[in-house]
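1. 3D model of this:
(one chain, ligands or ions: 1)
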Amino acid sequence: KKTIRDIDVRGKRVLLRADLNVPLDEDGTIADDTRIRASLPTIRYLCERDARVIICSHLDRPQGVVVERLRLALVANRLSLLLGRPVMALQDCIGPEVESTVAGMSGGDIIILENLRFHPEEKADDASFAQNLAGLADIYVNDAFGASHRAHASIVGVPKYLPAVAGLLLEREVNTFARILKDPERPSAAVIGGAKVSEKLEVLENIISRVNLLLIGGGMATTFLAGRGYGTGASYVETDCLDAARFLEAKAAERGVRLLLPRDVVVAERLEAGTPFQVVSADAIPDGWAVADIGPKTADEFCRELAGMRSVIWNGPMGVYEIPAFAEGTRRVAAALANLNGTTVVGGGSTADAVRRFGLADEMTHVSTGGGAALVMLAGKPLPGVEALDDLEEA
Ligand code: 3PG
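-> Predicted structure coming up:
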């Protein structure tokens, strides 16, 4: 696909779709500005070339109506601070006022359109809404990796009407996932965790044929343990995924992939802070107790195994890492990856959040800004937002 480096952006009006959907605290302040920071290289690249930069994004899920606390002025302020230059926030994303403001822009100016999801047409991929957005610019740049799995107007609609290229973040995200999946340095491993097998079936099926070692942790490991016939106490088990878990274990064995499940687990009476907990063998989970983390022996084994790898993909925490008593497994895996002398790619969402909480994000080769989008890449499926961009001409 074409990127901003393949076209002339100098002096042009550029509609930049970014994913500035940042998590907010209860008081409405930005809890984590990683996604804004990750968008800076493309914005700077465009400004340095005197492009007139018209940024658009969604924030949260306002369901097609104006929600005051989800106005993008909040994001514009932070962006302006980070860039050290003015960023003007508009009150809408389409319409005559937006058009006249854009008409008055000079080279290097930056504006942010209002939250795209204040209009129901964004999610509906409405053609005239997309045309109105496209009418503001000469070129469309998609840098919104985290939203590129959504077939929304600003992602797949606008590129129908303008030259459409990838920004620097989108390019890096897509290339990183493509490389570690297609041609990983070996030996290679994947660590997959998180609550549900059902959300990661396609990821597991795709990854199992691409790595040498697969480590399973988190709540979903319990479904694999149940698939082996172990008692799982009060743990959450997806009974409709037991066959899938057994099938994946058989497939791993058939392909010579080592698939490891926890050998011990931390179990708790409830998945809450301050609740009683104990470490037990994975085949002896007591009635009434639920798995909250991998156990210390498992963490030792996972870390030992990972130390010998040349590339590792990680998606999904090993336990309820938000609660300090159940964070140890996730912290140990994060530390093992941080120390690895090889490539480490962390899928976004809660895994990225965990890595940041432990202060280890900078030690990884790549921490994705996408949650759902990273899962689509790991499942080996195309992203609609990438498909919609212009192809490079054959040499
Ligand atoms: C995300 O946070 O994963 C992206 O910004 C997409 O948001 P959505 O899940 O509300 O479409």
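2. give me the neighbour count for whichever residue of the stretch 251-395 of the chain sits closest to the ligand.
-> For the stretch 251-395 of the chain, the residue closest to the ligand is residue 371, as judged by CB to the nearest ligand atom, at 4.0 Å. From N, CA and C alone the C-beta is placed, and that goes for glycine too. Here the count is done by other CB atoms under 10 Å, and residue 371 has 18 residues near it.
3. what sits against it?
-> Taking CB atoms under 8 Å, 6 or more residues apart in numbering, we find residue 371 in contact with 146, 347, 348, 349, 350.
4. what do you get for residue 346?
-> Residue 346 touches 314, 315, 337, 352, 355, 361, 364, 366, 367, 368, counting by CB under 8 Å, 6+ apart.
5. which bits of the chain sit near the ligand?
-> The interface of the chain toward the ligand, taken as CB under 6 Å from any ligand atom, is made up of 19, 21, 61, 146, 147, 150, 371, 372.
6. list the contacts of residue 97.
-> Taking CB under 8 Å, 6+ apart as the definition of contact, the neighbours of residue 97 are 90, 91.
7. okay, the residues of the chain next to the ligand in CSV with secondary structure next?
-> Rendered in CSV, the data for the residues of the chain next to the ligand read as follows (DSSP: H, G, I helix; E, B strand; the rest coil):
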residue, secondary structure
19, coil
21, coil
61, coil
146, helix
147, helix
150, coil
371, coil
372, helix
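8. which among those end up buried?
-> Buried members of the residues of the chain next to the ligand, scored by 16 or more other CB atoms under 10 Å, are 19, 21, 146, 147, 150, 371.
9. returning to that earlier point: out of the contacts of residue 346, what pair is the most spread apart?
-> Set against one another by CB to CB, these have their most distant pair in 315 and 361, with a gap of 15.0 Å.
10. so between these two, which is more surrounded?
-> A side-by-side neighbour count of residue 315 and residue 361, using other CB under 10 Å, places residue 315 first with 27 against 18.
11. the nearest residue to that one once chain neighbours are set aside: neighbouring residues, count only.
-> Counting by CB to CB, 6 or more residues apart in numbering, residue 347 is the residue found nearest to residue 315 once chain neighbours are left out, at 3.4 Å. For residue 347, the count of nearby residues is 28 (other CB under 10 Å).
12. need the contact list for residue 347.
-> With contacts defined as CB under 8 Å, 6+ apart, residue 347 is in contact with 313, 314, 315, 316, 368, 370, 371, 374, 375, 378.
13. what about the residue of the stretch 251-395 of the chain closest to the ligand, distance to residue 223?
-> Remark: distance between residue 371 and residue 223 (CB to CB, to the nearest Å) = 21 Å.
14. residues in contact with residue 62?
-> By CB under 8 Å, 6+ apart, the contact set of residue 62 is 70, 115, 117, 118.
15. I'd guessed the first one sits against residue 63; true?
-> In other words, residue 70. No - shown here, residue 70 and residue 63 do not form a contact pair, counting by CB atoms under 8 Å, at 10.3 Å.
16. which of the two has more neighbours?
-> residue 70 (21 against 10).
17. which residues sit in contact with that one?
-> Taking CB under 8 Å, 6+ apart, we find residue 70 in contact with 59, 60, 62, 115, 117, 118.
18. ok, those vs residue 296, which is closest?
-> When those are compared against residue 296 (criterion: CB to CB), the nearest one is residue 60, at 38.3 Å.
19. from the ligand, how far out is the residue nearest to the closest one when sequence neighbours are not counted?
-> Nearest residue to residue 60 in three dimensions, chain neighbours excluded: residue 70, at 5.2 Å (CB to CB, 6+ apart). As for residue 70, its distance to the ligand is 11 Å (criterion: CB to the nearest ligand atom, to the nearest Å).
20. give me the phi and psi for residue 70.
-> Geometry field for residue 70 lists phi and psi as phi -110, psi 20, criterion degrees, to the nearest 10.
21. helix or strand for residue 242, which one?
-> When secondary structure is defined by DSSP states H and E, residue 242 falls within helix 242-255.
22. just the C-alpha atoms of that helix, please, in PDB.
-> In PDB, the C-alpha atoms belonging to helix 242-255 read as follows (Å, rounded to 0.1, in the frame of the first residue of the first chain):
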ATOM      1  CA  LEU A 242     -14.000 -27.300  25.300                       C
ATOM      2  CA  ASP A 243     -13.900 -29.100  22.000                       C
ATOM      3  CA  ALA A 244     -12.000 -26.200  20.400                       C
ATOM      4  CA  ALA A 245      -9.500 -26.200  23.200                       C
ATOM      5  CA  ARG A 246      -8.900 -30.000  22.800                       C
ATOM      6  CA  PHE A 247      -8.700 -29.500  19.000                       C
ATOM      7  CA  LEU A 248      -6.000 -26.800  19.400                       C
ATOM      8  CA  GLU A 249      -4.000 -29.000  21.700                       C
ATOM      9  CA  ALA A 250      -4.200 -31.900  19.200                       C
ATOM     10  CA  LYS A 251      -3.200 -29.500  16.400                       C
ATOM     11  CA  ALA A 252      -0.200 -28.300  18.300                       C
ATOM     12  CA  ALA A 253       0.900 -31.800  18.900                       C
ATOM     13  CA  GLU A 254       0.500 -32.800  15.300                       C
ATOM     14  CA  ARG A 255       2.500 -29.800  14.100                       C
END
